[in-house]
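> following is a predicted model, sequence given first.
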Amino acid sequence: MKVFKIAIYSFFVSASLWSCIPSYSAYPKEYNRAKTDFPKQKAFVVNKELKNEFEILKHSDIYEIVEDSTHAAKITLHPMLTRTPPCGNPMIGSMLTVGLLPSGFPYDISYSYDVAENSTTKNYQYKLQVYQSLWLFNIFRLGRTFSKQSGKALLGNYIASNK
């Protein structure tokens, strides 16, 4: 009987954790619809080993990323700094209700990089806001990953700062 109770409790805990499917959104919401309507500059990323930062830049679609550095601007990425709330209390509602109650989790990201071209270097710094939603019905929003939505936030910030 004791093994049966442990199995039932384990099942409910597992089901509550599985049912909380994450989905991300860029903030402000207008950035989700941002499009690249300007000519893209060819750019070579010097330090692609910063995988998360590189994926965000690639998904932003600000630059045409090339593999040859000869006739392209050189981008040096800086490690991003991500701030989240100190505890996971917002997620408890989703876990206890098996994903039926949505909950959210904000991310504040400091993202920066340098663009070197024609012996000049320009530094770009942005504060990106991405919101993680935990909800059972996020199963219909599976393509909204952290790097894609952070890329949209970066594109929106880039367009807003160059107006």
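Structure received.

> strands paired with the helix or strand hosting S112, and their directions?
For S112, the element it lies in under DSSP states H and E is strand 103-117. Sheet pairing for strand 103-117, assigned by DSSP bridges, gives strand 73-77 (antiparallel), strand 81-83 (antiparallel), strand 120-135 (antiparallel).

> export it as CSV, just CAs?
Taking C-alpha atoms only, strand 103-117 is exported to CSV below (Å, rounded to 0.1, in the frame of the first residue of the first chain):
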residue,chain,number,x,y,z
SER,A,103,1.7,32.0,-14.5
GLY,A,104,4.5,34.2,-15.7
PHE,A,105,8.2,34.9,-15.0
PRO,A,106,9.9,38.1,-16.3
TYR,A,107,13.5,38.2,-17.6
ASP,A,108,15.5,41.4,-17.8
ILE,A,109,18.5,41.1,-20.1
SER,A,110,21.4,43.4,-20.5
TYR,A,111,22.7,42.7,-24.0
SER,A,112,25.6,44.4,-25.7
TYR,A,113,28.0,44.0,-28.6
ASP,A,114,30.6,46.0,-30.5
VAL,A,115,30.6,46.6,-34.3
ALA,A,116,34.0,47.3,-35.8
GLU,A,117,34.1,48.7,-39.3
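
> check the offset of it from the chain's centre.
8 Å (C-alpha atoms, centre = their mean, to the nearest Å).

> can you give me the buried ones in that strand?
103, 105, 107, 109, 111-115 (16 or more other C-beta atoms under 10 Å). C-beta here means a position set from N, CA and C on the backbone, and glycine is covered the same way.

> returning to that earlier point: mean pLDDT added to the strands paired with strand 103-117, as JSON lines?
Shown next, in JSON lines, are the strands paired with strand 103-117 (pLDDT from 0 to 100):
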{"stretch": "strand 73-77", "mean pLDDT": "96"}
{"stretch": "strand 81-83", "mean pLDDT": "91"}
{"stretch": "strand 120-135", "mean pLDDT": "92"}
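
> which of those strands is buried the deepest?
strand 73-77 (a mean of 19; mean count of other C-beta atoms under 10 Å).
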